[in-house]
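A.B. asks: Okay, structure incoming, though there's no sequence with it:
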C-alpha cells in the first residue's frame with residue numbers, strides 16, 4: 001500500500017510549478033526575439049523547475065563552509081548524520097528555508113538537462129557547489145629497502161633459500177622459524193658479510209666456533225664455511241646460513257650439553273634449560289663482542305670454569321714428544337725400617353718415568369725412590385688400578401696408553417655433566433644458597449655467596465639398582481624424629497622375602513606392618529634412637545623417593561668409599577647440617593646444634609623453610625679442590641665410561657634427544673603373599689590415611705607411634 005502522507009505537499013508543488021509556468025510563459029513571449037522558435041509548454045515547465053544560479057567566480061568550498069544545524073530536530077539531525085556515512089559523501093551545505101518540509105525531495109524525480117557547450121565556461125554545475133569531493137582511500141607508504149645495493153643480490157638469494165630450503169640447514173622447527181623471522185625483519189640482508197666481506201660479528205663467531213675445544217666441545221660439530229671462496233650471491237647466501245646454523249648449534253650445546261642426560265641412565269633428572277634461538281640471534285647480532293656473547297652460553301659455575309682451566313693445562317702438556325716406558329722388571333720402593341734400610345732400586349727407565357709423571361726434582365735420577373713411588377701410586381688411583389706404588393706390567397701399560405687423553409676424556413664428561421645443572425644453582429633471595437652433593441666424592445657442601453659454608457661426609461647408594469640418582473630439587477622442610485616409611489621396592493624385594501624365612505623378623509626390628517585397602521603392604525618404623533633414618537630427615541620431594549637423613553650406623557663414615565645405602569644419602573653430622581640450613585632460611589631464629597638435639601623425642605616435628613633451598617646431587621669424578629688441584633675419583637657407577645663411549649660415536653645431534661625410560665613401579669607385585677603367623681599393627685588390618693608419598697615426605701601420622709625399642713644392630717635394608 002502506497003504512502004499518501006505527503007500527498008498534500010506534492011499537490012502544492014504542482015500548483016507552484018503551474019503558476020511559475022504561466023508567469024514564465026508570459027514573460028518569455030514578450031521578451032523572446034521574433035526569430036526564436038517557441039518552446040512547448042512541457043519544456044517551459046521543466047526549465048522553470050530546474051534552478052539556474054547566476055555564474056560567479058568563487059573558491060571551492062572548504063570544511064569550514066559546512067556547519068551543523070543546531071536548531072534542527074533530533075530525528076532529522078540523526079538522519080543527516082547517517083546519510084553521509086552510508087553514501088560515503090560529505091554532507092550538503094545548508095539551504096535557505098522554504099515552505100517545503102525538509103523530508104520532501106522533489107529533485108529526486110527530476111533529471112537535470114545536459115549542460116550546453118556555451119555554458120561550460122561560465123556556469124558551475126549545481127552538484128559541484130553542493131557536494132564536497134569524496135576522500136580518496138589511504139595508500140600504503142612505499143617501503144624503502146634497508147639493504148645496501150651491494151648486498152641486495154645476496155638478500156634476494158637468502159629470501160629464496162629460506163622460503164624453499166630452510167630445512168636443509170635447520171632441522172629444528174623452532175630454530176627454522178626464528179631464523180626466517182630474523183632475516184625477514186632485516187629485509188634478508190646478510191648478517192655476516194657486507195659487500196662480500198666478513199663483518200666483525202662474523203669474525204668473532206668464527207673464532208669462538210674454532211676454539212670450541214677449550215670449552216670441552218668438539219669443533220667438528222660446528223663447521224665454519226669458507227667465505228674466501230664464496231664469490232657469487234648463491235655461495236655467500238649458503239655460507240651465511242651455514243654459519244648461522246653452526247652458531248645456533250654451539251649456543252644450544254654449550255648451555256644444555258652435547259647429550260641429553262636421559263641418554264646415560266634412567267635415574268637422572270635435571271630441569272630443562274634450552275636456549276631460545278630468537279634470543280641467541282638477537283643477542284649475537286647486537287653484541288659489541290660476538291665471541292664473548294657466544295662464549296656466555298657455557299655454564300657460569302665456578303666448578304665448570306675450574307675444570308676448563310685444568311683442561312687447558314692437560315692439553316698444554318701434550319706439546320712435547322710422547323714418552324714411552326719400556327717393559328722391564330717390577331720396581332718397588334720400600335721405606336727404611338729398623339731391620340732394613342731404604343730400598344730404592346735403580347733402573348734406566350726411571351728418568352723417563354719422572355718426565356712422564358711430571359716429577360721435576362732430580363730429573364736424571366735413576367733411583368726408584370719415595371717420590372717416584374708416590375707419583376706412581378697417585379697415577380694408579382687415577383686409572384682405577386690398585387694404588388700399590390709398584391711399577392708392574394699393568395702400570396707400565398697404563399702409563400704408555402694415552403694417559404693424557406684419558407684424563408682429558410674424564411674432564412670432558414665432567415664438564416658435560418655440569419652443563420645439565422641449572423644455570424642458577426641457588427636461591428637468589430638467600431645469597432644464592434644451595435646444597436651440592438658429589439656422589440663419587442661422598443661429600444656434601446652448603447654453599448652461600450659463592451663459598452662453602454659447611455661440609456660433611458655422606459654415605460651414598462650402592463652401585464647398580466640402588467645408585468643414588470642425579471637430580472635437582474628444593475628442600476622444603478626438616479623433620480626431627482622422623483618415622484621411616486619403608487619404600488615399596490624394599491618391602492616387596494627384601495622384607496617380604498625375609499618374612500617368608502622368619503615371620504617375626506619385623507617385630508624384632510621394631511617395624512609396624514599394615515595392609516592397605518588396595519591389598520598392598522605398608523611397613524613403617526616409629527621415631528626413636530634405633531630408627532633407620534636416625535633423628536633427622538631432610539626432605540626434598542622427588543620422583544625417586546630419596547632424601548638425606550641421619551643414621552645409627554656412624555661407623556660407615558670412617559671408610560674412604562661409602563656407597564652402602566639403597567639410594568638415600570646419610571649425613572654424618574645431621575644436627576650441624578640442620579642448624580646451618582635453618583640459620584640461612586631463618587637467620588633471626590638462631591638455631592644451634594644443641595637446640596636441634598633438644599627436640600629429639602618420640603613425636604615428629606616439622607621445621608618448614610620460608611624459602612626452599614635448592615639441592616643439587618651431582619656425579620663429579622673430576623673436580624678442582626679448594627687448593628686448586630685436579631682431583632679424580634673412582635667411577636663407581638660407570639657413568640664416565642658410558643658417556644665417553646657416547647661422545648666418541650658418530651650420532652652427534654641424536655644424543656640431544658630425550659630417551660624415555662621405564663619408571664619404577666610402586667604397586668604390589670603379582671603373586672606376593674604374606675606367610676602365616678605375621679602380626680599386623682592392629683586388629684583392623686585395613687589402614688586408611690595419608691598416601692605413601694605423604695608418609696614418606698611428611699604429614700600427620702595416622703597412628704600414635706609405639707615406644708621405641710632398644711638399640712639393636714640395624715639390617716642393611718635402609719635407603
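C.D. replies: Great, that's in hand. Computed from a predicted model, the values in this text were never measured in an experiment.

A.B. asks: now the helices: where do they sit in the stretch 501-650 of the chain?
C.D. replies: In the stretch 501-650 of the chain, the helices defined using DSSP state H, counting those that start in this stretch lie at 505-509, 574-585, 593-597, 639-647.

A.B. asks: and residue 153, which of the ones you listed is closest to it?
C.D. replies: Of all these, helix 639-647 sits nearest to residue 153, with 41.5 Å by Cβ to Cβ. Yep, even glycine has a C-beta here, placed from its N, CA and C like the rest.

A.B. asks: Tell me the buried residues in that closest one?
C.D. replies: For helix 639-647, the buried set under the neighbour-count rule, 16 or more other Cβ atoms under 10 Å, comprises 639-640, 643-644, 646-647.

A.B. asks: ok, now stretch 222-237?
C.D. replies: For stretch 222-237, by 16+ other Cβ under 10 Å, it's 222, 224-225, 227, 230, 233, 235-237.

A.B. asks: State the mean pLDDT of it.
C.D. replies: Averaged across stretch 222-237, the pLDDT comes to 95.

A.B. asks: can you list the residues that contact it?
C.D. replies: Identification of contacts with stretch 222-237 by Cβ atoms under 8 Å, 6 or more residues apart in numbering yields 153-154, 156-158, 161, 190, 192-193, 196, 198, 202, 206, 209-210, 212, 238-239, 242-243, 246-247, 249-250.

A.B. asks: Looking at the residues you listed, which are in helices?
C.D. replies: Taking DSSP state H as the definition of helices, the contacts of stretch 222-237 contribute 153-154, 156-158, 161, 202, 206, 209-210, 238-239, 242-243, 246-247, 249-250.

A.B. asks: Now do residue 532, the pLDDT please.
C.D. replies: 90.

A.B. asks: likewise residue 499?
C.D. replies: pLDDT recorded at residue 499 is 83.

A.B. asks: can you give me the helices in the stretch 201-350 of the chain?
C.D. replies: Under DSSP H, counting those that start in this stretch, the stretch 201-350 of the chain gives helices at 233-256, 277-286, 290-295, 302-316, 350-357.

A.B. asks: most packed of those helices?
C.D. replies: When the helices of the stretch 201-350 of the chain are scored by mean count of other Cβ atoms under 10 Å, the highest mean neighbour count falls to helix 233-256 (a mean of 22).

A.B. asks: roughly how far is it from the heart of the chain?
C.D. replies: 21 Å (Cα atoms, centre = their mean, to the nearest Å).

A.B. asks: what is the orientation angle of it with helix 277-286?
C.D. replies: With axes from the mean of the first three to the mean of the last three Cα atoms, to 10 degrees defining the directions, helix 233-256 sits at 110 degrees from helix 277-286.

A.B. asks: Identify the farthest-apart pair in the buried residues of helix 639-647.
C.D. replies: Greatest spatial distance in these: 639 and 647, 12.3 Å, computed using Cβ to Cβ.

A.B. asks: So for those two, which residues contact both of them?
C.D. replies: Going by Cβ under 8 Å, 6+ apart, residues that sit against residue 639 and also against residue 647 are residue 413.

A.B. asks: returning to that earlier point: how about JSON lines for the helices of the stretch 201-350 of the chain, with distance to residue 611 added?
C.D. replies: Below are the helices of the stretch 201-350 of the chain laid out as JSON lines (distance: least, Cβ to Cβ, whole Å):
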{"stretch": "helix 233-256", "distance to residue 611": "26"}
{"stretch": "helix 277-286", "distance to residue 611": "28"}
{"stretch": "helix 290-295", "distance to residue 611": "32"}
{"stretch": "helix 302-316", "distance to residue 611": "23"}
{"stretch": "helix 350-357", "distance to residue 611": "49"}
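
A.B. asks: quick revisit: present the buried residues of stretch 222-237 as TSV; the columns should include distance to residue 569.
C.D. replies: Formatted as TSV, the buried residues of stretch 222-237 follow (distance: Cβ to Cβ, whole Å):
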residue	distance to residue 569
222	38
224	45
225	49
227	53
230	56
233	61
235	58
236	57
237	55
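
A.B. asks: Return the closest of those residues with respect to residue 548.
C.D. replies: Nearest member of these to residue 548, counting by Cβ to Cβ, is residue 222, at 40.2 Å.

A.B. asks: If you drop the residues flanking it in sequence, what lies closest to residue 525?
C.D. replies: Of all residues not flanking residue 525 in the chain, residue 484 sits nearest, at 4.1 Å (Cβ to Cβ, 6 or more residues apart in numbering).

A.B. asks: Identify the residues contacting that neighbour.
C.D. replies: Contact criterion Cβ under 8 Å, 6+ apart gives 524-525, 531-533, 718 as the residues in contact with residue 484.

A.B. asks: sorry, back to before: between the buried residues of helix 639-647, which sits nearest residue 429?
C.D. replies: Closest to residue 429 out of these is residue 639 (33.0 Å), distances taken as Cβ to Cβ.

A.B. asks: Show the contacting residues for the closest one.
C.D. replies: Residue 639 makes contact with 264-265, 413, 417, 619, 621, according to Cβ under 8 Å, 6+ apart.

A.B. asks: State the pair within the residues you listed that is farthest apart.
C.D. replies: Farthest apart among those by Cβ to Cβ are 265 and 621. That separation is 14.5 Å.

A.B. asks: With neighbour numbers in mind, choose between those two.
C.D. replies: Taking other Cβ atoms under 10 Å, residue 265 and residue 621 do not tie; residue 621 has more neighbours (23 against 18).

A.B. asks: wait, doesn't that one sit right on residue 632?
C.D. replies: Yes: if you go by Cβ atoms under 8 Å, residue 621 and residue 632 touch, sitting 6.4 Å apart.

A.B. asks: Check the gap between the residue nearest the centre of the chain and residue 419 for me.
C.D. replies: For the chain, the residue sitting closest to the mean C-alpha position, by Cα atoms, centre = their mean, is residue 273 at 2.8 Å. From residue 273 across to residue 419, the span is 9 Å (Cβ to Cβ, to the nearest Å).

A.B. asks: go on, residue 627?
C.D. replies: 25 Å.

A.B. asks: the more surrounded of those two?
C.D. replies: Neighbour count, other Cβ under 10 Å: between residue 627 and residue 419, residue 419 has more, with 25 against 6.

A.B. asks: Kindly list the longest strand within the protein.
C.D. replies: Longest strand in the chain by number of residues, with DSSP state E as the criterion: strand 605-618.

A.B. asks: Average pLDDT for it, rounded please.
C.D. replies: Rounded mean pLDDT across strand 605-618 is 97.

A.B. asks: swap in stretch 203-213?
C.D. replies: Stretch 203-213 comes out at a mean pLDDT of 95.

A.B. asks: for the stretch 301-450 of the chain, what are the low-confidence residue spans?
C.D. replies: Counting by pLDDT under 70, the ranges of the stretch 301-450 of the chain that qualify are 317-322, 402-404.

A.B. asks: The buried residues of helix 639-647 into TSV, with extra columns for distance to residue 571 and pLDDT?
C.D. replies: TSV is the format used below for these (distance: Cβ to Cβ, whole Å; pLDDT from 0 to 100):
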residue	distance to residue 571	pLDDT
639	23	96
640	26	96
643	28	95
644	32	93
646	33	92
647	34	89
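
A.B. asks: For the nearest residue to residue 580 once chain neighbours are set aside, give its distance to residue 612.
C.D. replies: Leaving aside its sequence neighbours, residue 580 sits nearest to residue 454 (Cβ to Cβ, 6+ apart; 4.5 Å). Going from residue 454 to residue 612 by Cβ to Cβ gives 18 Å.

A.B. asks: repeat for residue 279
C.D. replies: 28 Å.

A.B. asks: can you check residue 358 too?
C.D. replies: Taking Cβ to Cβ as the measure, residue 358 falls 45 Å from residue 612.

A.B. asks: In terms of neighbours, single out the busier of these two.
C.D. replies: Ranked by neighbour count (other Cβ under 10 Å), residue 358 and residue 612 place residue 612 first, with 16 against 9.

A.B. asks: coming back round to it: neighbouring strands for the longest strand of the chain, and are they parallel or not?
C.D. replies: Paired neighbours of strand 605-618 in the sheet (DSSP bridges): strand 434-438 (parallel), strand 470-480 (antiparallel).
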